[in-house]
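# okay, sequence plus prediction incoming.
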Amino acid sequence: MIGHIFADLCIGCNQCVVACPTHVLDAGTKTPIIARIDQCQTCYMCELHCESDAIYVAPDSHAPEPIDPESIRASGHLGRIRRDHGWDQPERDGEHHLDDYHLLGLLLREGGETAARRYQERHDRRSN
Amino acid sequence: MSQDWNAQADVLIIGGGMAAAWAAIAAAKAGAATILVDKGYVGTSGVTATGGPNHWWVPPDPALRRQAIDKRYEESLGLGDPAWMERVIDMTWRTLPELGRYYSFGTDGKGGTFHAGVRGSEYMRALRAYTLAAGARILDHHPAIELLTDEEGTVVGARGHARLSSHDWEVRAGAVIMATGGCAFRSGLIGSHGNCGDGYLLAAEAGAELSGMEFSIQYTVSPAWASTRTLPYGAARYYDEDGRELDVPPRGHAHYQVLGAALLKGPVYADLTDAPPRLPPILHRIQPFTPPPFVRKGIDPFKQRWPIKLFGEGTIRGTGGLRIISDDCRTTVEGLYAAGDAATRELVTGAISGGGAVNSAWALTSGQISGRAAARRALALRRRSVDSVHRAGIVGIRPASCVQTINRKRIESDVDHHLNGYQHSLFRSEDQLTDSLHLLDNHWTLLRDHAHAKDAALVSLRETVALTATARWCTAAARARVESRGLHVRVDAPDLNPAVGVRLLTGGLDKVWTRYEDRTFAEAAE
């Protein structure tokens, strides 16, 4: 669930208030307010849409977690999701943000085939 | 609360995922004044935004398409419709590349462009841009509360509450498209918190019928503390608390039944050491939302073991939804169309899951088809004025008896337990389903008689009502289909009964009914 909004990083654009699909946030006088945490589904959309990397979503989706803002700030988590999406990141020559994306189906299938083969082998051994 | 806001449109679309956006694009391009209202934000709402939909992708080679349709029809276990499959394949192939102005399609690794699969957050961002460019108006954070009908029962608009600006809204329209997505009964499935079956409820209150609601059992594996997408988990090994490896069938209902049974006894742990070796270094480039739940807990999912949970997917990866009665996506109610997961996907996927490719292609196609059809209808009706308008919503809005405080948490927890609980969903039987239905009926009666709220609280209350209604339709349909077929598995009727190879309809509010679509067929079997 959303854990913290860093007031010093937040520019008060309220884009997270708008982008949150489940109405967790209210606009504040400067920094948005986490008003309805029980509606947070831990989807990370507020982080993705925060251009100032001012939001940290804690990983547990079932309950709010105690957060130490300063260790989060030092952890490198802030802005990571937005960078991994390639948002605001210039594309380097010959490399496109979504170039690995076509591998999704292949890798899914590969994993499934490994599990199926392993199951088959285990049952073949048993029947021998 | 500030003043009500009223508008007139040709086409009103309710929902904000891919089907809703594709519908808005089609309606606006056909010349209709189009308004889309979504409960959340078009771009982040629903299960597409956090996912990565692949699309059913078959080149326009008649032999290849015939082969794809024949295979899929066979897998549908008698409930699919080859004509719909052909339409969906063709429209998806022709339409998806249109998004290239707003979505940066990557390479296919062979020197070409990869169109079939798109990443959810960029896909929805692109669909938002395309919808606006097509001339449709988007109203984010405008959940619909109820439909409006005329004296003949024709749907003529909707009312709702704007959450961020705290005012009620009303839109009159010549046609309404329901594209509110499926329902996972608040399982915690990522992206699905808002998917409460709102559209099923609104449509049913106006008299719409549902179909295939028994096909609502599907799960995904995720870490116990949060639902993620499942790319890394295909080759997972599973262990019980004592470190003994479980013998888990690789797929299908049996896969989830074994895991569910083990989870009822105690924690189950996953080990990804068999995952494809090239996956770990690039997982964050393909699915950037999947690593954070692990990394932020200090866990390396590929090296350590971690506890799992099965997250229910209800009618999202199941197939049930509003019954479609024409090749232009009409429901059984005049003026009301359905698209995407709000509609039954039996037409393209029958009794099995259309999870992934087929459901996405259906969402795109049913959006485009319903958008065009709704525009055609509304443009022809433009000069007609509607005199008396009826508000179709009932439960939570107009209580039958005295107003009382309702324990919504308790009701939602029961719905989750009876629809997502492993002991119920993975082991369906007559006795269990009867007990579940009895409990859910009691909750419904309580809501009908005593529930009441206004403004933003009414939005939440109506979610509870929709969850309860949807749970009753799914449970009643599961009880009525006394056989196992595709996603619907009964432990007390494990075989497929060829005599009921027809779609099962359900509906009703106070009294839930079920009946087979082709009555003579089912009756002849009795």
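Here it is on my side, so go on.
# who touches the nearest residue to B:Leu437 once chain neighbours are set aside in this structure?
Once flanking residues are discounted, B:Leu437 sits nearest to B:Thr475: 4.8 Å by C-beta to C-beta, 6 or more residues apart in numbering or on different chains. Quick note: C-beta positions are derived from backbone N, CA and C, even for glycine. Counting by C-beta atoms under 8 Å, 6 or more residues apart in numbering or on different chains, B:Thr475 makes contact with B:His418, B:Leu419, B:Leu433, B:Ser436, B:Leu437, B:Leu440.
# try it again at 7 Å.
B:Thr475 makes contact with B:Leu433, B:Ser436, B:Leu437, B:Leu440, according to C-beta atoms under 7 Å, 6 or more residues apart in numbering or on different chains.
# can you pull the contacts of the residue in chain A positioned nearest to chain B?
Here chain A gets closest to chain B at one residue, A:Gly111, 2.3 Å apart by C-beta to the nearest C-beta. When contacts are counted by C-beta under 7 Å, 6+ apart, A:Gly111 touches B:Gly234, B:Ala235, B:Ala275, B:Pro276.
# tally up the residues packed near the nearest residue to the last one once chain neighbours are set aside, please.
This points to B:Pro276. Spatial nearest neighbour of B:Pro276, chain neighbours left out: A:Glu110 (4.6 Å); criterion: C-beta to C-beta, 6+ apart. Counted with other C-beta atoms under 10 Å in any protein chain shown, the neighbours of A:Glu110 add up to 17.
# check the one 3 residues further on too.
Here the count is done by other C-beta under 10 Å, and A:Glu113 has 14 residues near it.
# A:Ser127 now?
5.
# check A:Glu51 and give its pLDDT.
pLDDT for A:Glu51: 97.
# nope, B:Asp387 is what I meant
So, for B:Asp387, pLDDT stands at 80.
# does B:Leu347 really touch B:Pro82, like I thought?
No. Under the criterion of C-beta atoms under 7 Å, B:Leu347 makes no contact with B:Pro82, lying 9.8 Å away.
# higher neighbour count, those two?
Each of B:Leu347 and B:Pro82 has its neighbours counted (other C-beta under 10 Å); B:Leu347 has more, 27 against 15.
# do you know how far the more buried one is from B:Gly182?
15 Å (C-beta to C-beta, to the nearest Å).
# neighbours of B:Glu170, how many?
17.
# check whether it really touches B:His161, as I assumed.
No. Using C-beta under 7 Å, B:Glu170 is not in contact with B:His161; the gap is 10.5 Å.
# which ones are touching A:Asp32?
Rather than Asp, residue A:32 is Pro. Contact analysis of A:Pro32 by C-beta under 7 Å, 6+ apart lists A:Ile5, A:Asn14, A:Cys16, A:Val17, A:Leu25, A:Asp26.
# find the residue closest to it in space, skipping its chain neighbours.
Spatial nearest neighbour of A:Pro32, excluding adjacent residues (C-beta to C-beta, 6+ apart): A:Leu25 at 4.5 Å.
# dump the residue contacts of that neighbour.
Here A:Leu25 is in contact with A:Cys16, A:Val17, A:Pro32, A:Ile33, A:Ile34, A:Ala35 (criterion: C-beta under 7 Å, 6+ apart).
# ditto for B:Ala26
B:Gly367, B:Gln368, B:Gly371, B:Arg372.
# 6 Å instead, please
B:Gln368, B:Gly371, B:Arg372 (C-beta atoms under 6 Å, 6 or more residues apart in numbering or on different chains).
# okay, the residue nearest to the second one when sequence neighbours are not counted and chain A: tell me how far apart.
When the adjacent residues along the chain are set aside, B:Gly371 lies closest to B:Ala26, with 2.9 Å between them (C-beta to C-beta, 6+ apart). Per C-beta to the nearest C-beta, to the nearest Å, B:Ala26 is found 23 Å from chain A.
# low pLDDT regions in the chain?
Answering for chain A, as no chain was given. Across chain A, the ranges flagged by pLDDT under 70 are A:93-94.
# please go with chain B instead
Those would be B:1-3, B:519-526, if you go by pLDDT under 70 across chain B.
# switch to 80 and redo it
Applying pLDDT under 80 to chain B flags the ranges B:1-3, B:355-356, B:383-385, B:518-526.
# contacts for the longest strand seen in it, please.
When chain B is parsed with DSSP state E, its longest strand is strand B:167-178. With contacts defined as C-beta under 6 Å, 6+ apart, strand B:167-178 is touched by B:2, B:4-14, B:23, B:35, B:142, B:155-162, B:199, B:203, B:335-339, B:342, B:370, B:374, B:377-378, B:381.
# if we can go back for a sec, just the contacts of A:Gly111 now: which is nearest chain A?
Distance to chain A, by C-beta to the nearest C-beta, is smallest for B:Gly234 among the contacts of A:Gly111, at 2.3 Å.
# nearest residue to that closest one other than its sequence neighbours?
Leaving aside its chain neighbours, B:Gly234 sits nearest to A:Gly111 (2.3 Å; criterion: C-beta to C-beta, 6+ apart).
# same check on A:Gly79?
Nearest to A:Gly79 is A:Asp53, by C-beta to C-beta, 6+ apart, at 3.2 Å.
# returning to that earlier point: using CSV, lay out the contacts of B:Thr475 together with distance to B:Gly40, secondary structure and neighbour count.
Shown next, in CSV, are the contacts of B:Thr475 (distance: C-beta to C-beta, whole Å; DSSP: H, G, I helix; E, B strand; the rest coil; neighbours: other C-beta atoms under 10 Å in any protein chain shown):
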residue, distance to B:Gly40, secondary structure, neighbour count
B:Leu433, 32, helix, 22
B:Ser436, 29, helix, 26
B:Leu437, 31, helix, 20
B:Leu440, 26, helix, 26
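# give me the distance between the helix or strand that contains B:Ala361 and the centre of its chain.
Here B:Ala361 sits within helix B:357-380, counting by DSSP states H and E. The chain centre lies 16 Å from the centre of helix B:357-380; the measure is C-alpha atoms, centre = their mean, to the nearest Å.
# which of the three states applies to the spatially closest residue to B:Leu279 that is not a sequence neighbour?
In this structure, B:Leu279 finds its nearest non-sequential neighbour in A:Leu107, 5.3 Å apart by C-beta to C-beta, 6+ apart. Under DSSP: H, G, I helix; E, B strand; the rest coil, A:Leu107 falls in the helix class.
# number of nearby residues for A:Leu107?
21.
# do the same with B:His255
Quick note: B:His255 (other C-beta under 10 Å) scores 18 neighbours.
# pull out the buried residues from stretch B:97-104.
B:Leu99, B:Tyr102, B:Tyr103 (16 or more other C-beta atoms under 10 Å in any protein chain shown).
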